[in-house]
Each structure stands twice: as C-alpha cells, then as structure tokens.
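>>> Compute the structure for the input listed below.
(chains A, B and C)
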Amino acid sequence: MRQHAESIESRLAALEDAEAIRNLIAFYGPLADSGQADAVAMLWEPDGIYAIAGIGEAKGRKAIADLITGPQHQSLMNAGCAHLLGPVAVSLSGTDAEAWGHSVVVRQDGGGFGIARASANHWVLRRSATGWRVVRRDNAVLDGDPSAFQLFSGAVFPLPRK
Amino acid sequence: MRQHAESIESRLAALEDAEAIRNLIAFYGPLADSGQADAVAMLWEPDGIYAIAGIGEAKGRKAIADLITGPQHQSLMNAGCAHLLGPVAVSLSGTDAEAWGHSVVVRQDGGGFGIARASANHWVLRRSATGWRVVRRDNAVLDGDPSAFQLFSGAVFPLPRK
Amino acid sequence: MRQHAESIESRLAALEDAEAIRNLIAFYGPLADSGQADAVAMLWEPDGIYAIAGIGEAKGRKAIADLITGPQHQSLMNAGCAHLLGPVAVSLSGTDAEAWGHSVVVRQDGGGFGIARASANHWVLRRSATGWRVVRRDNAVLDGDPSAFQLFSGAVFPLPRK
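Predicted coordinates for the structure are as follows:
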C-alpha cells in the first residue's frame, strides 16, 4: 500500500479542489452558448480578466458579461454555435491553480457546421472565501503563431505524489 | 485551513458521485461509436429517456439500444464518425444530479471529416441501488433555435462549499 | 446512507487514481500542440508505446518525443492545429487502468479550420513508484474500419460500487 505523508483532510481537499476547478471551467460553454452573461461573469473573480490575444481583454465581471451580450457573441448564438472546451490539465498549489486546455468554436454556416476558431487556453484560478474562480483566462488562436504555444508552455505535468 | 461542516464520509461520497457521473457520461461516445447498443442502453435507467428535439424520443433501454442498431447510426458508423462530447458541468443534489455539456457529431464525408451536428445536452441522473444512471438526456441542435438555449438554461454554477 | 465495505483509505486512493489519470491524459494535447516533446514523452512509461493503426508505432520515450519533433507534427503546428481529446471513460483495477476516448485533429487549412482526423483511442495505464503513466496508447481513425471499433470494444462500464 502507498504511504501518504498527507492527511486525509488534505487529500480530500485536493480532490475537492480539482473537481471544483474542472466543474467551474465546464460551466463556461453551456452558460456562454445560452447567453447567460451574468452567470458567465460569475465564473471569474470580481476583477478577473479574459484576454484574447490580438483582440483585447475584458477586465471585471461587467466587461466579461458584455462579451456575451455583445453583438459578436449574439450573432454567433443566433447563427448556431458551440464553444466546445476540451478537458483541462490542472496544476494545484494551495489556493492557487493553473489549467490548460483547448477551445473550439463550432459555428453553423450555410447549411452545415464548421470550425471558426481553435485556441489554446491558459487559466489562472484562485480559491477565495466564495470558492474557486477564474483570475485570468488567456486565449490565443492556434494558427502557428508563438502566442498560442506560449500559453501552453507553462503546462507542467504534476510530480507524482509521495 | 477550511472548516467543513460535512463529514469525511459525505465529502468522499460527493466526490465519488461526481466522478461516477463524469465517467458514466464519458462512456457514451466510445460505446456508441463502436456500436455497443446494449452497453449504451445500460447507461440509462430501465425506463430512461433519450429525447432529441425535433426528432423524437426513445424511452427505455430497448428503444435506446434501437437507436444504435438502427440504420441511421449504423450508416454513420460505416461512413466514419465520432460522437464527441465535451466535459460536463455537474450539479449534485443527494441521489439526483443534473449535467450540461456539448456534443458534436464528427462525420467522414467524401475525403475528409466534417461536423454534422453540434448540440446542447441536458442530463438528468439518479443514483439507485445499481449506481448512477441517466434518467433523461435531452439533446437539441445549436442552430440558433431557443430549444437548445433552454436545455442549458438550468445550468447553475454550484454555490461555494461552506 | 450507503454502506461501504471499502476503507476511507482505499476510497480516497481510487479517487486520486481517477483524477491522476484524467489529468495525465489532459496534458497530452496542450503539451503536444506547443511542441514540448520531452514532456509529452514523460506521460508514457519509459518503454511505453504509442501505436497508430495503419501507420506504425513509437516505442519508448525517445521515439514518442520524435513524433513531436518530426516534420509531420511540426508542419501541423506551424499551420495551426489542436489535438483535441474528449473526456475519457476510465476503468481502474489496482495499479492498472484502461481508458477510452476520442481525439480530433483540428487543423488550419487555407483561411479556416477543418478536421484532419477523428480517432478512437484506447489507453492502457499503470501506476508505478513515479505515479500513473501511459503503458500503451492505441489510436485508429474512425473511418468505418473495424480497427477503430475494436479499440473501443473493451470499454466496460464499471459495476456499481457495493
């Protein structure tokens, strides 16, 4: 049997943290694609940032909600679209965490569906009194430009547990 | 350190529930795309429902298995297809749960692959003596019609734990 | 309340195993798509295998890293691509595990993105002193050929816990 230096409490808390982070991020797509702007914004910290390389950044929940209510996102929703995220790779460090994963914007276009955008995402997360929230999400389109590679460059596979 | 009103037992059980639900849903794609009709049906409760907006609903394991053995699914399998699901957002409430996520049907068509369908999914799940199963899966194509937005409308990001 | 024959320790360990496996596999895409060849290789056991039906197999970390530094992968990276994996269905058995899931290669092509490949994946994993690693990943394109169905054929939905 494996020996654990960590207590039951700390092992449970680490699992709860990982589960909460995966769940937090999994809410993004369904909330965004149904236009729930305030609920999307609540995934972030009050002063959280959603930065899209080459486009700009939204800072704070009001600005993030505005991305959802804005004409570009509404136009996508009306045409038909899925903000499909892949599973995230998570690295925990106390009340801080990072996660890395893909997002793909699937869009209805003419009679069928196509892919509007495939991106790299780097998530910085923090646990405060109200639970895990996004501090910063950086997104860059995977078009061969180093900015997207850079977002994935910090992905470090966790060391094995002792 | 965080204070927990919940017992170790209840915290472990909640994590096991979330893991079981994520795993249950993750089996759908591999089982469906390899034509394992009975195994797909076993993911549902005996009287479970798989409802596809605008098309119809299958009720009960026999009817759900028939979707897999039916000509439309078999034709997709022979052409080459992946029923790719995204990660699900999960909300637990005792022996009941809900989950929300995307599904994308990737289909080989001519020389390459295309996207036949991108949908919203709302899963209702229940834990009985035999474990977690699907009570009802609703699927609606994300084509701008409100029926798909409606499936995601109940997605409620979990309150932080105390 | 459910009765558990298993100890707290064994239940915690099973959850940690599932979390570690999901996380391990979730690192593949971000590491591969940013060209981190050695880090990709470290997801496998030292003598691990990555076999692609109809193409060949890479055995050992050096050979797996070579897939990432090789001209085909580098060309994909430069054109713009996402190796998007779906969530995996996991089956644990002590220090061994299997997992099943889709992978989709999204590639920039001309002005937009398309899907180069949609595949079935069967992962065999093992926990050694350094943690969970991939023993073997088999990948086969979902083009109607039985080889891909075969990779998913072993997917067995876990029995309910007692």
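>>> okay, now residue A:13: neighbour count?
For residue A:13, the neighbour count with other Cβ atoms under 10 Å in any protein chain shown is 18. Placement of C-beta: from N, CA and C, glycine included.
>>> separation between it and chain B?
For residue A:13, the distance to chain B (Cβ to the nearest Cβ, to the nearest Å) stands at 7 Å.
>>> Show me what whichever strand or helix holds that residue is packed against.
Element membership for residue A:13, per DSSP states H and E: helix A:8-26. When contacts are defined as 3 or more Cβ pairs under 8 Å, 6 or more residues apart in numbering or on different chains; DSSP states H and E, helix A:8-26 sits against strand A:89-93, strand A:96-109, strand A:112-128, strand A:131-141, helix B:8-33, strand B:89-93, helix C:8-33.
>>> Closest residue of chain A to chain B?
Nearest residue of chain A to chain B: residue A:131, at 3.0 Å (Cβ to the nearest Cβ).
>>> on that earlier part again, tell me which residues of the helix holding residue A:13 are tucked away?
Using 16 or more other Cβ atoms under 10 Å in any protein chain shown as the test for burial, helix A:8-26 gives A:11-26.
>>> again with stretch A:48-56
Neighbour-count burial for stretch A:48-56 [16+ other Cβ under 10 Å]: A:48, A:49, A:50, A:51, A:52, A:53.
>>> Repeat that for stretch A:72-86.
Neighbour-count burial for stretch A:72-86, counted by 16+ other Cβ under 10 Å, picks out A:73, A:76, A:77, A:80, A:81, A:82, A:83, A:84, A:85, A:86.
>>> And the helices and strands packed on helix A:8-26: which comes nearest residue C:150?
Between residue C:150 and the helices and strands packed on helix A:8-26, the tightest spacing by Cβ to Cβ is seen for helix B:8-33, at 11.6 Å.
>>> So for that closest one, mean pLDDT?
For helix B:8-33, mean pLDDT is 98.
>>> Now do it against strand B:112-128, angle only.
Per axes from the mean of the first three to the mean of the last three Cα atoms, to 10 degrees, the angle that helix B:8-33 makes with strand B:112-128 is 140 degrees.
>>> chain center to helix B:8-33: distance?
From the chain centre to the centre of helix B:8-33 is a distance of 11 Å (Cα atoms, centre = their mean, to the nearest Å).
>>> That one versus strand C:89-93: what angle between them?
Inter-element angle recorded for helix B:8-33 and strand C:89-93: 120 degrees (by the same axes, to 10 degrees).
>>> Which residue comes closest to residue A:86 once chain neighbours are left out?
Excluding the flanking residues, the one nearest residue A:86 by Cβ to Cβ, 6 or more residues apart in numbering or on different chains is residue A:102, at 4.1 Å.
>>> The one you found contacts residue C:81, correct?
No - counting by Cβ atoms under 8 Å, residue A:102 stays clear of residue C:81, with 10.2 Å between them.
>>> Residues that sit against both of these two, list them.
Residues touching both residue A:102 and residue C:81 (Cβ atoms under 8 Å, 6 or more residues apart in numbering or on different chains): A:118, A:142, C:33.
>>> Tell me which of the helices and strands packed on helix A:8-26 sits nearest to residue A:66.
Across those, residue A:66 has its closest neighbour in strand A:131-141 (15.3 Å, Cβ to Cβ).
>>> Return the distance of the helix or strand following the closest one from the chain's centre.
As assigned by DSSP H and E, the chain's next helix or strand after strand A:131-141 is helix A:146-152. Put simply, helix A:146-152 sits 15 Å off its chain's centre (Cα atoms, centre = their mean).
>>> Give me the residues contacting helix A:146-152.
Contact with helix A:146-152 is made by A:53-54, A:100, A:119-122, A:138-142, C:30-31, C:33-36, C:77, as judged by Cβ under 8 Å, 6+ apart.
>>> Can you flag the buried ones in these?
A:53, A:100, A:119-122, A:138-142, C:30-31, C:33-36, C:77.
>>> in chain A, which segments are predicted with low confidence?
Flagging of chain A using pLDDT under 70 yields the residue ranges A:1-4, A:158-162.
>>> coming back round to it: also near chain B: which of the shared contacts of residue A:102 and residue C:81, exactly?
Contacts with chain B within the shared contacts of residue A:102 and residue C:81, as defined by Cβ under 8 Å from any Cβ of the partner chain: none are present.
>>> between the residues you listed, which is nearest residue C:91?
residue C:33 (27.3 Å).
>>> quick one: contacts for the residue nearest to residue A:134 when sequence neighbours are not counted?
Distance criterion Cβ to Cβ, 6+ apart; nearest residue to residue A:134, sequence neighbours excluded, is residue A:44 at 4.5 Å. By Cβ under 8 Å, 6+ apart, residue A:44 lies in contact with A:50, A:61, A:64, A:133, A:134, A:135, A:137.
>>> let's go with 7 Å and repeat that
Contact partners of residue A:44, counting by Cβ atoms under 7 Å, 6 or more residues apart in numbering or on different chains, are A:50, A:61, A:64, A:133, A:134.
>>> Serialize the residues you listed to CSV and add fields for distance to residue A:127.
Output for the contacts of residue A:44, formatted as CSV (distance: Cβ to Cβ, whole Å):
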residue, distance to residue A:127
A:50, 19
A:61, 18
A:64, 19
A:133, 8
A:134, 11
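>>> Can you name the residues of chain A sitting close to chain C?
Contact residues, chain A versus chain C (Cβ under 7 Å from any Cβ of the partner chain): A:2, A:8, A:11-12, A:15, A:18, A:86-90, A:100-102, A:104, A:114-115, A:117-118, A:120, A:142-144, A:149, A:152-153, A:155, A:157-158, A:160-161.
>>> Put the buried members of these into a ChimeraX selection.
Applying 16+ other Cβ under 10 Å to the residues of chain A next to chain C, the buried members can be selected in ChimeraX as follows:
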select /A:11,12,15,18,86,87,88,89,90,100,101,102,104,114,115,117,118,120,142,143,149,152,153,155,157
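>>> so how far is chain C from the residue of chain A closest to chain B?
18 Å.
>>> these two touch, right, that residue and residue A:20?
Yes - between residue A:131 and residue A:20 there is a contact under Cβ atoms under 7 Å: 6.5 Å.
>>> quick one: which of the buried residues of stretch A:72-86 sit in helices?
Taking DSSP state H, the ones among the buried residues of stretch A:72-86 that sit in helices are A:73, A:76, A:77.
>>> circling back to that earlier point, next, work out how far apart the residue nearest to residue A:134 and chain C are.
For residue A:44, the distance to chain C (Cβ to the nearest Cβ) stands at 21 Å.
>>> next one: residue A:69
Distance of residue A:69 to chain C, computed by Cβ to the nearest Cβ: 26 Å.
>>> Number of residues surrounding that residue?
12.
>>> List the contacts of the closest residue to it other than its chain neighbours.
Leaving aside its chain neighbours, residue A:69 sits nearest to residue A:37 (4.8 Å; criterion: Cβ to Cβ, 6+ apart). For residue A:37, the contacting residues are A:65, A:68, A:69, by Cβ under 7 Å, 6+ apart.
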